[in-house]
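Student: Return a 3D structure for these sequence lines:
(one chain, ligands or ions: 2)
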Amino acid sequence: MRVSSDHIVIGTGIAGLTYALKAARSGTVSLLAKTSRTEGATPWAQGGIAAVSSASDSFASHIQDTLDAGDGLCNPRAVEITVKEGPARVQELIDLGVPFTKSSDADTRFPFDLTMEGGHHQRRILHADDLTGKAIHEALLRAVEQNPNIRVFENWVAIDLITNVTLMKRHKGAHPGAAHRRCLGVYALESGPSHANGHGPIHVLEAPITVLATGGAGKTYLYTTNPDVATGDGIAMAARAGARVANLEFTQFHPTCLFNPFAKSFLISEALRGEGGELINSKGEEFMKRYHDMGSLAPRDIVARSIDAEIKRLGDECVYLDMTRVVKKHGRDAVVARFPNIHEACLKFGTDLTEQPIPVVPAAHYTCGGVLTDEHGESSIENLFAIGEVACTGLHGANRLASNSLLEGVVFAERAHTRALARKQAGLLKSGAGDAPEPLPEWDSGRAVPLEDRIDINHTWKEIRTLMWDYVGIVRTNRRLAKAQERLELIGHEVHEYYWDFLLSRDLIELRNLVTVAQLMVQCALLRKESRGLHYNLDHPFRDDRFFKRDTVL
Ligand code: FAD
Ligand code: SIN
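Tutor: Ligands and ions are numbered 1, 2, ... in the order given. Model prediction:
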């Protein structure tokens with residue numbers, strides 16, 4: 001099939017849905033979801049969305065907290081934009097009907113409850129109990145589903161971007177290296193349950209504007225809070241198309257995931273610490289006070305590293321998050337009412353958080369780097385935008401401040417749309433497929449045959465994730481990084497062979513992306529010869545401003 005529209009948006013998380021709604025006011029949108037439209041990190045977000053809203057807070061304070069968490073690497077312009085434009089974007093969510101939890105304090109002029117998380121010096125996080133992402137996602141999705149200009153394609157897996165270079169490669173003698181790159185569309189595999197082994201047809205989507213909103217790459221690691229779709233597809237596609245990607249050494253490990261073999265790294269929100277929960281070790285000591293003056297509410301990189309050190313020091317398997325003192329202060333019912341989802345999940349896995357400390361460990365949570373964009377969310381390829389977790393806007397620097405991610409998604413969706421609209425109004429974009437100089441070519445499957453046995457894919461997938469966890473984790477060394485690089489190169493060759501020999505399926509596409517992103521992560525980590533934020537290398541244990549480099553750009 002050939003699908004033409006004014007905008008292609010890949011991803012139905014907060015960033016993709018927000019952009020689609022705005023773009024649909026003046027054009028048609030093809031909106032792709034790799035699986036169901038409800039899969040992605042957004043509906044899983046717990047803590048909330050940060051935005052300056054109370055009289056005691058200020059832009060200066062939110063900016064400073066973001067810069068401090070980012071450990072000297074944030075782009076100050078991206079920080080200022082996000083913080084200052086944030087409240088208007090949050091108001092749009094409120095207007096859309098997101099049921100943020102109301103404040104019980106009758107004195108406050110702002111009607112919503114504001115919570116606290118690590119690295120913040122003010123209460124500035126709006127939340128919907130402990131299921132903020134779900135509340136936001138449902139409201140956005142409702143609006144999208146009512147919009148006749150948006151067509152949602154579920155189980156359509158974007159494979160590769162189509163650019164002018166794709167076209168040039170078809171013509172003998174053309175030298176694509178020198179081309180100014182421009183995005184023209186994308187190939188996508190239809191892989192719903194009705195297609196045997198997921199080998200559905202491959203479609204051509206064409207539009208003058210393409211938006212990557214594919215989320216992060218947590219699945220490169222063995223233990224992650226991320227959903228299964230987080231395989232870094234947007235980053236890998238952009239890199240293959242020649243876009244600049246940056247700062248992939250900065251994977252954020254969330255300090256507190258439920259330690260239980262059956263819980264699949266279920267997140268225990270930082271908001272529990274924001275409301276008074278304390279991290280303790282197996283001896284009952286509040287160890288974080290030894291590591292940072294903000295104690296359990298220190299920035300995330302510091303807490304995750306301290307937990308790692310504490311676990312190794314005591315030879316334990318986990319540390320604990322103690323909410324029992326909060327229960328003593330506010331009462332059991334108040335704590336259960338504030339964290340109903342987390343309370344229920346913990347109970348299911350055998351811990352009543354109102355009575356017992358919760359066993360917790362860190363897990364890969366957020367990809368701070370990604371497709372390098374300008375302040376309008378545009379990548380180094382013209383007409384290709386990247387918004388949300390897939391992007392590297394410069395907001396997060398070396399470590400993201402809690403609850404700044406949902407905010408970044410809405411702020412940069414608006415900015416990307418404003419830029420696309422301006423370009424259209426200036427007559428720089430033709431509608432539908434009109435921007436391509438010739439019809440976009442069909443996907444060529446060559447002599448690929450169906451893959452009978454999936455064991456190789458499953459094995460290689462697991463090997464990459466284990467390797468990343470063991471060698472490119474919270475604490476790194478030059479030797480481990482070099483070993484990871486060597487091994488990933490071999491795996492990359494293997495995957496390349498499967499890729500062209502067998503018919504495409506979702507897991508094969510994801511495997512190729514996973515190995516690409518893992519390689520990019522290791523490359524970035526090897527280039528940074530210092531420890532900063534989330535990148536901690538024992539061979540370069542200190543931050544070194546002599547080699548200051550805002551972005552590790554590949
Ligand atoms: P996502 O919401 O992840 O959506 C990605 C979309 O891209 C999905 O629709 C997926 O199907 C689609 N996709 C991916 N690849 C392809 C492909 N090849 N083809 C087609 N479609 C594709 N941040 C906060 O600010 N506050 C919080 O409280 C918070 N809590 C969190 C809790 C958890 C458990 C997790 C995992 C993250 C949390 N985060 C939080 C981070 C935040 O949720 C994410 O960074 C944010 O939701 C990402 O939004 P997104 O729109 O970029 O991508
Ligand atoms: C959390 O609730 O702890 C997650 C918040 C975030 O990742 O920003």
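Student: quick one: average pLDDT of the longest strand seen in the chain?
Tutor: Ranked by residue count under DSSP state E, the longest strand found in the chain is strand 358-367. When the per-residue pLDDT values of strand 358-367 are averaged, the result is 96.
Student: Remind me what it packs against, helices and strands.
Tutor: Based on contacts counted as 3 or more Cβ pairs under 8 Å, 6 or more residues apart in numbering; DSSP states H and E, the elements that strand 358-367 packs against are strand 251-258, helix 300-314, strand 319-322. Every C-beta, even on glycine, is put in place using the N, C-alpha and C of the backbone.
Student: I'd like those as a markdown table, with distance to A337 appended.
Tutor: As requested, those are exported to a markdown table (distance: least, Cβ to Cβ, whole Å):
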| stretch | distance to A337 |
| --- | --- |
| strand 251-258 | 20 |
| helix 300-314 | 26 |
| strand 319-322 | 18 |
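Student: Out of the ones you listed, which gets nearest to ligand 1?
Tutor: strand 251-258 (7.5 Å; Cβ to the nearest ligand atom).
Student: Get me the contact residues on the stretch 51-200 of the chain for ligand 1.
Tutor: By Cβ under 6 Å from any ligand atom, the residues of the stretch 51-200 of the chain that approach ligand 1 are T132, G133, V157, A158.
Student: other SSEs contacting the helix or strand containing L481?
Tutor: Secondary structure here is read from DSSP states H and E; on that basis L481 sits in helix 478-501. Using 3+ Cβ pairs under 8 Å, 6+ apart as the contact criterion, the neighbours of helix 478-501 among helices and strands are helix 455-471, helix 506-527.
Student: need the contact list for the closest residue to D507 other than its chain neighbours.
Tutor: Taking Cβ to Cβ, 6 or more residues apart in numbering as the measure, D507 lies nearest to I457, with 5.3 Å between them; neighbours along the chain are not counted. Contacts of I457 were listed using Cβ atoms under 8 Å, 6 or more residues apart in numbering, and they are L451, Y498, D507, L508, L511.
Student: what about 7 Å?
Tutor: D507, L508, L511 (Cβ atoms under 7 Å, 6 or more residues apart in numbering).
Student: Quick one: buried ones out of those?
Tutor: The neighbour-count criterion (16 or more other Cβ atoms under 10 Å) marks D507, L508, L511 among the contacts of I457 as buried.
Student: Distance to K424 and pLDDT added to the contacts of I457, as a markdown table?
Tutor: Compiled in a markdown table, those are given as follows (distance: Cβ to Cβ, whole Å; pLDDT from 0 to 100):
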| residue | distance to K424 | pLDDT |
| --- | --- | --- |
| D507 | 37 | 92 |
| L508 | 36 | 92 |
| L511 | 37 | 95 |
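Student: tell me which residues in the worst-scoring helix or strand of the chain on mean pLDDT are buried?
Tutor: Scoring the helices and strands of the chain by mean pLDDT, DSSP states H and E places helix 164-170 at the bottom, with a mean of 84. For helix 164-170, a neighbour-count test (16+ other Cβ under 10 Å) marks N164, V165, T166, L167 as buried.
Student: That one: what's the following helix or strand?
Tutor: Taking DSSP H and E as the definition, the helix or strand right after helix 164-170 is strand 183-190.
Student: who's in contact with that following strand?
Tutor: 8, 10, 32, 155-164, 200-207, 210, 381-384, 435-436, 440, 443, 504, 506, 509.
Student: contacting residues around the closest residue to A24 other than its chain neighbours?
Tutor: Taking Cβ to Cβ, 6+ apart, and ignoring the residues beside it in sequence, A24 has N149 as its nearest neighbour in space, at 3.8 Å. Neighbour list for N149: A24, G27, T28, V29 [criterion: Cβ under 7 Å, 6+ apart].
Student: likewise G492?
Tutor: For G492, the contacting residues are V515, Q519, taking Cβ under 7 Å, 6+ apart as the criterion.
Student: Please state the backbone phi and psi of T210?
Tutor: phi -120, psi 130 (degrees, to the nearest 10).
Student: Okay, and the beta partners of it?
Tutor: Partner residues in beta bridges with T210: I8, L384, with DSSP bridges as the criterion.
Student: so what's it up against?
Tutor: I8, L161, C183, G185, V186, N383, L384.
Student: One more: I474?
Tutor: F253, A304, R305, D308, P362, Y536.
Student: which of the residues you listed sit farthest apart?
Tutor: Using Cβ to Cβ, the contacts of I474 span at most 12.3 Å, a distance reached by P362 and Y536.
Student: So those two - more neighbours on which side?
Tutor: For the pair P362 and Y536, the greater number of neighbours falls to P362 (27 against 19), based on other Cβ atoms under 10 Å.
Student: Which secondary structure elements does the host helix or strand of L93 sit against?
Tutor: When elements are assigned from DSSP H and E, L93 belongs to helix 76-96. In this structure, helix 76-96 makes packing contacts with helix 59-69, helix 132-145, helix 405-425, judged by 3 or more Cβ pairs under 7 Å, 6 or more residues apart in numbering; DSSP states H and E.
Student: anything in that helix near ligand 2?
Tutor: No. Taking Cβ under 6 Å from any ligand atom as the criterion, helix 76-96 and ligand 2 are apart, separated by no less than 13.4 Å.
Student: Which strands and helices lie in contact with whatever helix or strand comes next after that helix?
Tutor: From helix 76-96 onward toward the C-terminus, using DSSP H and E, the following helix or strand is strand 114-115. In this structure, strand 114-115 packs against strand 125-126, with contacts taken as 3+ Cβ pairs under 7 Å, 6+ apart.
Student: buried sites along stretch 534-549?
Tutor: By neighbour count with 16+ other Cβ under 10 Å, stretch 534-549 contains the buried residues L534, H535, Y536, N537, H540, R543.
Student: now stretch 416-426
Tutor: Of the residues in stretch 416-426, A416, H417, R419, A420, L421, R423, K424 count as buried by neighbour count, 16+ other Cβ under 10 Å.
Student: Look up the closest residue to the fourth one, ignoring the ones flanking it.
Tutor: Leaving aside its chain neighbours, A420 sits nearest to I209 (4.8 Å; criterion: Cβ to Cβ, 6+ apart).
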